[in-house]
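Engineer: Turn this into a structure:
(chains A and B)
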There are 2 protein chains.
Amino acid sequence: MTSSLLIRNIRPMGGTSADILVEDGRIARIEPGIAAPADRVEEGGGRIAIPGLVEAHTHLDKSLMGMAWYRNEVGPRLLDKIENERDAKTRLGIEPARQSRRQALASVAQGTTHIRSHVDIDTVHGLSGLEGIMRTREELSNCVDIEIVAFPQSGMMIRPGTVELMQKALELGVEIVGGLDPAGIDRDPKGHLDAVFGLAQKYARPVDIHLHEPAELGAFSLEMIMERTRALGMQGKVAVSHAFCLGMTDVDYASRLIDELAELSIHILTTGPAARPSPPVARLRSAGVVVAGGNDGIRDTWSPYGNGDMLERAMFIGLRNNFRRDDELEAALDVCTHGGAKVMELEGYGLAPGCGADFVLVEGETPAEAVVTHRPRSLVVKRGRVVARGGVMEAGS
Amino acid sequence: MTSSLLIRNIRPMGGTSADILVEDGRIARIEPGIAAPADRVEEGGGRIAIPGLVEAHTHLDKSLMGMAWYRNEVGPRLLDKIENERDAKTRLGIEPARQSRRQALASVAQGTTHIRSHVDIDTVHGLSGLEGIMRTREELSNCVDIEIVAFPQSGMMIRPGTVELMQKALELGVEIVGGLDPAGIDRDPKGHLDAVFGLAQKYARPVDIHLHEPAELGAFSLEMIMERTRALGMQGKVAVSHAFCLGMTDVDYASRLIDELAELSIHILTTGPAARPSPPVARLRSAGVVVAGGNDGIRDTWSPYGNGDMLERAMFIGLRNNFRRDDELEAALDVCTHGGAKVMELEGYGLAPGCGADFVLVEGETPAEAVVTHRPRSLVVKRGRVVARGGVMEAGS
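Structural biologist: The predicted model follows:
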């Protein structure tokens, strides 16, 4: 492994030209005309350098990437999709280790350096998804950092034995306790949330809950999440994914919820969904709520869309939030970099001396143009090593 | 010019393999194993053939494509954007002939064979936009058919002299009478719509009105459009672009409007906007309303997004309408092909013997995969001639 790397002529966040010197996996210097010798020298060609993209919400265990096209004929209800998927895993042979590896590599080639992935935990497939992702995490440890959320996709209260499997997952090293739609799936918001927060307390882990429930129903569940966060002193340790309810038409109510989220340092993760009410990213950020971005499921039995590109995801978040100005597009990019890093509590993240050398060279005159056009990344650096070039993994990475 | 072209091994709409024989600019045969001689033979490699993509709503005169990145710092009101643009045309030197040519060529390279473009008509810039697009239309007549809508972007009632310019545009050969937001811009819905429909009657032309007005306000304007359509016997000759009001929360009201649109054969054009209420495409189609797709403005002073790709636009329309099933994605593709062809009243459009030889070879196992991945088009054929290959214009096209 090379211990020092010099990249000449890059523009940090689209600013004026500088060189980056990387030593021992960390950024040593960012300044014009660095004369220090280096084991390896790259020419940046004036491209924009941004910190590594952070995929803060996805499902590595269930993508169909690289498999035959899946003809989606699934019914309209949420339960149709959950049941179809549970069966399809066996029927189609969705092998979690193979599929998580494919998706993670596609993401890295597009500049993602950190991933938070949910993994299904249920009484049919047990911990097989988790074992697959853990294998991928180990195999790709030089290319990407993967954090895992134990996700009870099929419910906990309605499927006895699931809580015990969640416990096992946490004992095996899963970092985060997941949950979903306390009212919608388990039909028992108190039971579901007490189980989620009970596990979080017992294992001293953060929480990340999928909340698709709309409008006032979602707001009710969100209030219950906030009550528990406050009572248990879990400020800064709770994230809510999707949070469609924050896009509800009762703007005053949504506004009060947002202020309370800020007070409790509860984070929001969004995909910028076009077809659903969506958490208002600008309002959340100005209230002080950390917002992170994610691609969610990519090419799976739920949805045919997606390719793992977090720069394109910044565009989707921009489109959904009617971001047109350059400063707004830069905010969308911040959501998909620093926002994710805050949610994942990454230490030493950023494009500054002393930070881990995880960064990407992107194409465009400005960061806004890079988001809008999201052309193939010219260079991806992870822990000081070039892992991808021109959108393709570097040989041996 | 070659008079016959044989393409071997394509899959019409993703079906079983066939050959296409083109003679004198029309599709002569589509069947397996055509043995006829041809002046030129191409190998389709089993790719999917679809009819030419139809860009049914765009603004060729105002794109900034190929110019320096425009740093958007425009204010939030609609009027801010309109005034900023009117000034920017001169300030930035947005030359309509050059810019419309750039955008049209980018669209053709991505498989668009027909374009309906609005062109700004106002008392500051007069008919300069129109002259530019007319030049592009003539220069590119072998590559793409362009239909023009005279569009009073800055209002008619509030800018005396605009109606007279609209008349001149129609006398110069513009095919369609445009209009916009009768309440929102002119603050005079009766005055605005009487002028639009008056011009349509006088010159016997169809109408295409931008309607961004939301909810009940938009519904009021839509009712006034329907009243005039009925009274003047203009069934089948009126299109409404955007029609955000059809995505309003009063579903019963929206539903009644949709049924009346169907009865009057009024067409709806949509971009699948992520940040605005959106006409419900599936509901409209099942009611019998023709829905077409468009990219709207591409990389202009209004919005930084877009690249002219109508296959990607089909994906955006799918995302906005929560289309996940293969049949739904095929409907989104139909919107961006046959839907546009119906709105533009194209004769001989389609992928069948006797139709004009305007078609595209796309990548994917199925049409749904082609929409979702929208990889570069392998071949674009216009009037029987290969005009683009691998996403790039063919030399001499």
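Engineer: Residue A:337: how many residues sit nearby?
Structural biologist: When neighbours are counted by other CB atoms under 10 Å in any protein chain shown, residue A:337 registers 29. Using the backbone N, CA and C atoms, a C-beta is placed for each residue, glycine as well.
Engineer: quick one: it is in a helix?
Structural biologist: Yes. Under DSSP: H, G, I helix; E, B strand; the rest coil, residue A:337 sits within a helix.
Engineer: Roughly how far does it sit from residue A:310?
Structural biologist: 8 Å (CB to CB, to the nearest Å).
Engineer: same question, residue A:26
Structural biologist: Residue A:26 is 22 Å from residue A:310, by CB to CB.
Engineer: And these two? Which one has more around it.
Structural biologist: Taking other CB under 10 Å, residue A:26 and residue A:310 do not tie; residue A:310 has more neighbours (30 against 16).
Engineer: C-alpha coordinates for stretch A:41-60, PDB please?
Structural biologist: As requested, the backbone C-alpha atoms of stretch A:41-60 are provided in PDB (Å, rounded to 0.1, in the frame of the first residue of the first chain):
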ATOM      1  CA  VAL A  41       1.400  11.500  -7.900                       C
ATOM      2  CA  GLU A  42      -2.000  12.100  -9.700                       C
ATOM      3  CA  GLU A  43      -3.100  15.000 -11.900                       C
ATOM      4  CA  GLY A  44      -6.400  16.400 -10.800                       C
ATOM      5  CA  GLY A  45      -6.900  18.500 -14.000                       C
ATOM      6  CA  GLY A  46      -8.700  21.200 -12.100                       C
ATOM      7  CA  ARG A  47     -11.600  19.000 -11.100                       C
ATOM      8  CA  ILE A  48     -13.700  19.600  -8.000                       C
ATOM      9  CA  ALA A  49     -12.800  17.700  -4.900                       C
ATOM     10  CA  ILE A  50     -15.600  16.800  -2.400                       C
ATOM     11  CA  PRO A  51     -15.400  14.600   0.700                       C
ATOM     12  CA  GLY A  52     -16.500  11.000   0.100                       C
ATOM     13  CA  LEU A  53     -20.300  10.600  -0.600                       C
ATOM     14  CA  VAL A  54     -22.200   9.100   2.300                       C
ATOM     15  CA  GLU A  55     -25.000   6.600   1.500                       C
ATOM     16  CA  ALA A  56     -26.900   6.900   4.800                       C
ATOM     17  CA  HIS A  57     -29.900   4.800   4.000                       C
ATOM     18  CA  THR A  58     -29.900   1.700   1.800                       C
ATOM     19  CA  HIS A  59     -30.600  -2.000   1.800                       C
ATOM     20  CA  LEU A  60     -27.500  -3.900   0.600                       C
END
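Engineer: still on that earlier bit, who touches both of residue A:337 and residue A:310?
Structural biologist: A:53, A:54 (CB atoms under 8 Å, 6 or more residues apart in numbering or on different chains).
Engineer: how close does residue A:26 sit to residue B:237?
Structural biologist: Look at residue A:26 and residue B:237: by CB to CB, they are 67 Å apart.
Engineer: do the same with residue A:287
Structural biologist: 49 Å.
Engineer: Please identify which of those two sits among more neighbours.
Structural biologist: Neighbours were counted for residue A:287 and for residue B:237 using other CB under 10 Å; residue B:237 has more, 21 against 15.
Engineer: Wait, the more buried one touches residue B:207, no?
Structural biologist: Yes. Contact criterion CB atoms under 8 Å: residue B:237 and residue B:207 qualify, at 6.6 Å.
Engineer: Low-confidence bits of the stretch 251-397 of chain A, can you list those?
Structural biologist: Applying pLDDT under 70 to the stretch 251-397 of chain A flags no residue at all.
Engineer: Quick one: name the residues of it near chain B.
Structural biologist: Counting by CB under 8 Å from any CB of the partner chain, the stretch 251-397 of chain A comes close to chain B at A:272, A:274-276, A:299, A:302-305, A:307, A:315-316, A:318-322, A:324-327, A:329, A:364-366, A:368-369, A:372-373.
Engineer: how about 10 Å then?
Structural biologist: Contact residues (CB under 10 Å from any CB of the partner chain) of the stretch 251-397 of chain A with chain B: A:272-276, A:278, A:299, A:301-307, A:315-329, A:364-366, A:368-373.
Engineer: List buried members of these by neighbour count.
Structural biologist: A:272-275, A:278, A:299, A:301-307, A:315-321, A:323-326, A:328-329, A:364, A:366, A:368-373 (16 or more other CB atoms under 10 Å in any protein chain shown).
Engineer: what are the ranges of the helices in the stretch 151-300 of chain A?
Structural biologist: For the stretch 151-300 of chain A, applying DSSP state H, counting those that start in this stretch gives helices covering A:162-171, A:189-203, A:215-231, A:251-263, A:281-287.
Engineer: Same list (those helices) but as CSV, adding distance to residue B:122.
Structural biologist: Putting the helices of the stretch 151-300 of chain A into CSV (distance: least, CB to CB, whole Å) gives the following:
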stretch, distance to residue B:122
helix A:162-171, 63
helix A:189-203, 56
helix A:215-231, 42
helix A:251-263, 35
helix A:281-287, 32
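Engineer: just so I know, which of these lies nearest residue A:154?
Structural biologist: Proximity to residue A:154 (CB to CB) singles out helix A:162-171 among the helices of the stretch 151-300 of chain A, at 7.3 Å.
Engineer: Quick test: name the residue nearest the centre of chain A.
Structural biologist: residue A:56 (1.4 Å; CA atoms, centre = their mean).
Engineer: Report the contact partners of that residue.
Structural biologist: A:114-117, A:147, A:208, A:239, A:241, A:267, A:269-270, A:291-295, A:310, A:313, A:335-336, A:339-344 (CB atoms under 10 Å, 6 or more residues apart in numbering or on different chains).
Engineer: what's the pLDDT at residue A:2?
Structural biologist: The score at residue A:2 is 56. That number is its pLDDT.
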